[in-house]
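**Q** kindly generate the corresponding structure for this input.
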Amino acid sequence: MEQPEKVVAEETGGTPGGMPVDAGDPGYGTVPALGQPGSVGSSETAPLLVPEPGAEPFLHRKPMTKEELEATAGGPWWRRVRCYLLLVFFLALLAILATAIAIIVRSPRPVVTPLKWWQRSLFYRLQPALLTEAQAQGSRRISGLHEQLPYLRSLGIGVVILEGLFHEDMTLVNHNLTGRFGMLSQIQHLLTESNKTGLKMVLDLCELSLLGPRDVASNPATVQHALRFWLHQGVAGFAICDTDAFFSEQTLLEWRHILEEFSDQEGERIVVLKQTRDILPLLNTFSQINVTLVDVVMRSILPSSSQFLSALEVAVAIRTQLQAQEQPIWPSWTIGGKASHDLKKLLLMLLMTLPGTPAIQYDEEIIQTQKSSTLHGVKNQSLNHLDNEINSTVALFNVLRHTRAREEALLYGNFTFLPFNTSSNSTLSSPPPHPILAFLRSWACVKFLVLLNVGPEFHALDPAWIQDLPETGVFITSTGMDRIGLTSLYMLELQPHEAVVIRLQAGSSS
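**A** Below you'll find the model as predicted:
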């Protein structure tokens, strides 16, 4: 009976009671022998990670050969597929580029017409008052003009219109200019110096007895000889008025033929027409010949007046000119009438942003800077204030001049007058004209907004009026030279007698 229990104990690996000695965890209930794996003596040398039974030893991998790589990547066929895909990508890229170029080329764009020299230049009207003031100085009068020529050129002036060289009892054929206006040689020297400086001179023949006595009038060759005489002296053209007796189609045709003779020698010569009437029947016909009789039509923004015009009168005059129909002839704008000193910068900005050629008058402060720079002695407070005002006007003029020269929209862009809506709560049947005036100058995608506040009060823009315009813009300049950066048209408020030029942001519509 003891043998079966022994057999059972041997089979279970434990004691006769059936309890295994090393059941479960190896080492549980047993102490490994010294030197054997898992023993205390071999704990420092035993591996931390014991490989599982049946695991393969680690194999050192070698780089694949070219044949093995081709076989793994799919062989030469897959390489050809990659080349085809790369070729298709570049062809698609070229197709997109060609489509973009075709869209740009076929999209409608304004046609750029090369501008003539008088269309790119600034006119400067030399008033007769300057010559009258220097009458007592004799021959020094013309030398004083010589000294101003480089300064005028530095301001960007390109054409000087000499007004007052002839008076009412003189004729164009009278070359002996002694008496009131000095010797002919001095005028010839002035023309020579102006050509050296780069300034062109235009003779103003308004209110002049062109033909003189009847015996001269019977000989048109005498008048043509007089025109050729002045053209030989370097005159760039002539200015006439629409109220002159000789203003006729026949006279202008004769002038045109003579000017064409000299246009090939020293540049094209021009005829400037000073418009004083509202309508020019001679030039508003459909005949192409009548359109080419003159090159420039000069118009005054303000009407002639012996007294300063009020802000309301200035606003009405500007609105009338801006609403007038465009003429087929290149325009030139001048101030003309008198306005208060508070509106001078506003009118200057209007003059420089209207389509056409600006014609600066002599009484503008930008021309008087040279005089202020020659003052000597101690300056009082009022004189310092005057110099600061003149310097700010010159700075504004330079900003406008440079902006006009580089911006196509201001040089020959489209013009759109934008009338403001009156207040909705106004009970008047015919409310007075709004003191704020505005117009757009646009070329392609570029738009400039010019705002003028002629009144003496602060005014905000009407949201109903600007709803079709982009909401934001960038200040180009202002009459106070204190506006910079981005602005919102809905938040903009114009100061009294302020004018601003804003470049509208494309794509930022409200």
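**Q** now Lys116. Nearest residue, chain neighbours left out?
**A** In space, and not counting its chain neighbours, Lys116 is closest to Glu268: 6.6 Å by C-beta to C-beta, 6 or more residues apart in numbering. For the C-beta atoms, the positions are set from N, CA and C on the backbone; glycine is no exception.
**Q** report how many residues lie close to the residue nearest to Ser488 when sequence neighbours are not counted.
**A** With sequence-adjacent residues excluded and distances taken as C-beta to C-beta, 6+ apart, Ser488 is closest to Thr472, at 5.5 Å. By other C-beta atoms under 10 Å, the residues close to Thr472 number 18.
**Q** what's near enough to touch Thr472?
**A** Leu486, Thr487, Ser488, Leu489, Leu504, Gln505, Ser508 (C-beta atoms under 8 Å, 6 or more residues apart in numbering).
**Q** again, only using 7 Å
**A** Contact analysis of Thr472 by C-beta atoms under 7 Å, 6 or more residues apart in numbering lists Leu486, Thr487, Ser488, Gln505, Ser508.
**Q** quick one: the fourth one from Leu343, how far?
**A** When you say that, I think you mean Gln505. For Gln505, the distance to Leu343 equals 29 Å [C-beta to C-beta, to the nearest Å].
**Q** do the second one as well
**A** Between Thr487 and Leu343 the computed distance is 23 Å (C-beta to C-beta).
**Q** which of these two has more neighbours?
**A** Legend: neighbour count by other C-beta under 10 Å for Thr487 and Leu343, higher for Leu343 (24 against 17).
**Q** so which helix or strand takes in Phe123?
**A** For Phe123, the element it lies in under DSSP states H and E is strand 122-126.
**Q** helices or strands next to that strand in the packing?
**A** Contacts defined by 3 or more C-beta pairs under 7 Å, 6 or more residues apart in numbering; DSSP states H and E place strand 122-126 against strand 157-162, strand 357-361.
**Q** and it, which residues are buried?
**A** Across strand 122-126, burial judged by 16 or more other C-beta atoms under 10 Å covers Leu122, Phe123, Tyr124, Arg125, Leu126.
**Q** same check, this time on stretch 246-260
**A** Buried residues in stretch 246-260, counted by 16+ other C-beta under 10 Å: Phe246, Phe247, Thr251, Leu252, Glu254, Trp255, Arg256, Ile258, Leu259.
**Q** tell me the SS of the first one?
**A** Per DSSP: H, G, I helix; E, B strand; the rest coil, the local secondary structure of Phe246 is coil.
**Q** what of the third one?
**A** Classification of Thr251 into helix, strand or coil gives helix, according to three-state DSSP.
**Q** picking that back up, dump the helices and strands packed on strand 122-126 to a markdown table, plus mean pLDDT and mean neighbour count.
**A** Compiled in a markdown table, the helices and strands packed on strand 122-126 are given as follows (pLDDT from 0 to 100; neighbours: other C-beta atoms under 10 Å):
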| stretch | mean pLDDT | mean neighbour count |
| --- | --- | --- |
| strand 157-162 | 92 | 22 |
| strand 357-361 | 92 | 21 |
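**Q** can you redo these as a markdown table with distance to Arg61?
**A** Formatted as a markdown table, the helices and strands packed on strand 122-126 follow (distance: least, C-beta to C-beta, whole Å):
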| stretch | distance to Arg61 |
| --- | --- |
| strand 157-162 | 82 |
| strand 357-361 | 83 |
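**Q** okay, strands next: where are they in the stretch 301-450 of the chain?
**A** 330-336, 357-361, 414-417, 436-443, 446-453 (DSSP state E, counting those that start in this stretch).
**Q** how far away is the closest residue to Ser248 other than its chain neighbours from Leu253?
**A** Closest residue to Ser248 apart from its sequence neighbours, by C-beta to C-beta, 6+ apart: Leu282 at 7.6 Å. Using C-beta to C-beta, one obtains 11 Å as the distance from Leu282 to Leu253.
**Q** same question for Tyr151.
**A** Note on Tyr151: its distance to Leu253, by C-beta to C-beta, is 38 Å.
**Q** equivalent analysis for Leu94, please.
**A** 58 Å.
**Q** so how many other residues sit close to Ser185?
**A** Ser185: 11 neighbours (other C-beta under 10 Å).
**Q** give me the element it is part of.
**A** Secondary structure from DSSP H and E places Ser185 in helix 184-197.
**Q** mind listing what's buried along that helix?
**A** Neighbour-count burial for helix 184-197, counted by 16+ other C-beta under 10 Å, picks out Gln186, Ile187, Gln188, Leu190, Leu191, Glu193, Ser194, Asn195, Thr197.
**Q** the inter-axis angle of it versus strand 157-162?
**A** Helix 184-197 runs at 170 degrees relative to strand 157-162, counting by axes from the mean of the first three to the mean of the last three C-alpha atoms, to 10 degrees.
**Q** and helix 184-197, what other elements does it pack with?
**A** By 3+ C-beta pairs under 7 Å, 6+ apart, helix 184-197 packs against helix 140-154.
**Q** if we use 10 Å, what do you get?
**A** helix 140-154, strand 157-162, strand 200-204, helix 220-232 (3 or more C-beta pairs under 10 Å, 6 or more residues apart in numbering; DSSP states H and E).
**Q** if anything else comes up later, I'll come back, but that's it for now.
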